[in-house]
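> pasting the structure only:
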């Protein structure tokens with residue numbers, strides 16, 4: 001298999017470019033790709049230093065930069081080296097300019113402006129970290145979302161992902177021997193969502209966790225009957241309270257979060273998503 005060097009250049013944090021590259025590469029199985037990430041490229045001197053590495057590791061160059069001078073210099077250098085240079089956002093921006101009837105501002109990092117939405121996202125992340133794993137349950141009414149599920153159903157990573165989207169999230173592990181605080185059943189503001197998974201998948205994830213911690217994988221934590229009883233207990237709780245349920249067995253964190261955000265949007269549109277406990 002041919003190895004590809006993929007050079008990603010951005011005049012800002014490069015977060016958008018990384019996401020584009022990740023999404024595109026996911027369409028190729030077992031691709032041997034070495035990614036070279038170059039954020040905050042805003043000067044000719046900085047570009048000159050990067051070109052040396054690109055020349056030493058020729059491949060595909062993908063960039064998001066708004067400075068015409070630096071763009072032109074990069075394109076000229078790549079042309080000299082015989083390498084393709086792809087402007088990742090140009091087609092979308094050109095189409096938006098035509099549709100909106102105005103020119104793009106052309107300022108790097110505009111999506112990272114320190115506006116009210118930015119500080120709201122920071123607040124959401126701080127809230128979510130402080131309310132992980134059932135901690136500070138007295139504040140749950142301030143949350144936008146409360147995730148409930150047995151151990152290792154991706155509650156924490158899903159919470160953090162949602163927090164980065166601006167949602168205040170709390171999560172609570174469902175433990176048969178330790179019922180959650182009564183406040184959970186009386187919440188009005190947050191959307192309570194139950195997370196569940198297939199028993200076989202849960203046992204596999206838990207075994208891997210124990211091995212990572214150098215602990216014996218032969219405990220009640222991964223016992224077939226015990227795990228089945230935990231999941232049944234959680235599902236009964238979700239159904240009794242009419243909470244929507246998401247099966248995370250074959251879902252990525254991003255897909256689970258997207259499903260939860262859709263539930264939030266439907267709720268905001270006036271639909272009663274808290275009734276019926278219909279699995280997703």
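Alright, I've got the coordinates. Worth saying up front: this structure is predicted, and the values here are computed from it rather than measured.
> so for the helix ranked longest in the chain, what's the average pLDDT?
Ranked by residue count under DSSP state H, the longest helix found in the chain is helix 224-241. Confidence over helix 224-241, taken as the mean pLDDT, stands at 97.
> now do stretch 76-94
Across stretch 76-94, the average pLDDT comes to 93.
> from the centre of the chain, point out the most distant residue.
Of all residues in the chain, residue 80 has its C-alpha farthest from the mean position, at 38.2 Å, by C-alpha atoms, centre = their mean.
> measure that residue to residue 206 for me?
55 Å (C-beta to C-beta, to the nearest Å). For the C-beta atoms, the positions are set from N, CA and C on the backbone; glycine is no exception.
> residue 30 too?
With distances taken as C-beta to C-beta, residue 30 is found 28 Å from residue 206.
> those two - which one has more neighbours?
Set side by side, residue 30 and residue 206 give different neighbour counts by other C-beta atoms under 10 Å, the larger being at residue 206 (19 against 5).
> name the nearest residue to the more buried one, ignoring sequence neighbours.
For residue 206, ignoring the flanking residues on the chain, the nearest one in space by C-beta to C-beta, 6 or more residues apart in numbering is residue 222 at 4.8 Å.
> what's the answer for residue 67, then?
Counting by C-beta to C-beta, 6+ apart, the nearest residue to residue 67 once its immediate chain neighbours are dropped is residue 11, at 6.4 Å.
> how many neighbouring residues does the one you found have?
Residue 11: 23 neighbours (other C-beta under 10 Å).
> residue 202 too?
Using other C-beta under 10 Å, residue 202 is surrounded by 23 other residues.
> so it sits against residue 154, correct?
No - with contact defined as C-beta atoms under 8 Å, residue 202 does not reach residue 154; the gap is 10.5 Å.
> who does residue 171 form a beta bridge with?
Counting by DSSP bridges, residue 171 forms beta bridges with residue 147.
> so it sits right up against residue 154, yeah?
No - here residue 171 does not reach residue 154: they are 9.7 Å apart, not a contact under C-beta under 8 Å.
> so for these two, which sits in the more crowded spot?
Regarding residue 171 and residue 154, a neighbour count based on other C-beta under 10 Å identifies residue 171 as having more, with 26 against 21.
> could you check how far the more buried one is from residue 66?
Following C-beta to C-beta, the distance that separates residue 171 from residue 66 is 39 Å.
> where in the stretch 151-280 of the chain is pLDDT low?
271-280 (pLDDT under 70).
> so where do the strands sit in it?
Remark: strands assigned in the stretch 151-280 of the chain by DSSP state E, counting those that start in this stretch are 169-173, 191-196, 245-247.
> tell me which of those sits most buried.
Of all the strands of the stretch 151-280 of the chain, strand 169-173 has the most neighbours on average by mean count of other C-beta atoms under 10 Å, namely a mean of 25.
> against which helices or strands is that strand packed?
Based on contacts counted as 3 or more C-beta pairs under 8 Å, 6 or more residues apart in numbering; DSSP states H and E, the elements that strand 169-173 packs against are helix 116-130, strand 145-149, helix 155-164.
> can you give the contact residues for that strand?
Residues outside strand 169-173 that contact it (C-beta atoms under 8 Å, 6 or more residues apart in numbering) are 124, 127-128, 131-134, 136-137, 139-140, 143-151, 155-156, 158-159, 162-163, 180, 184, 190.
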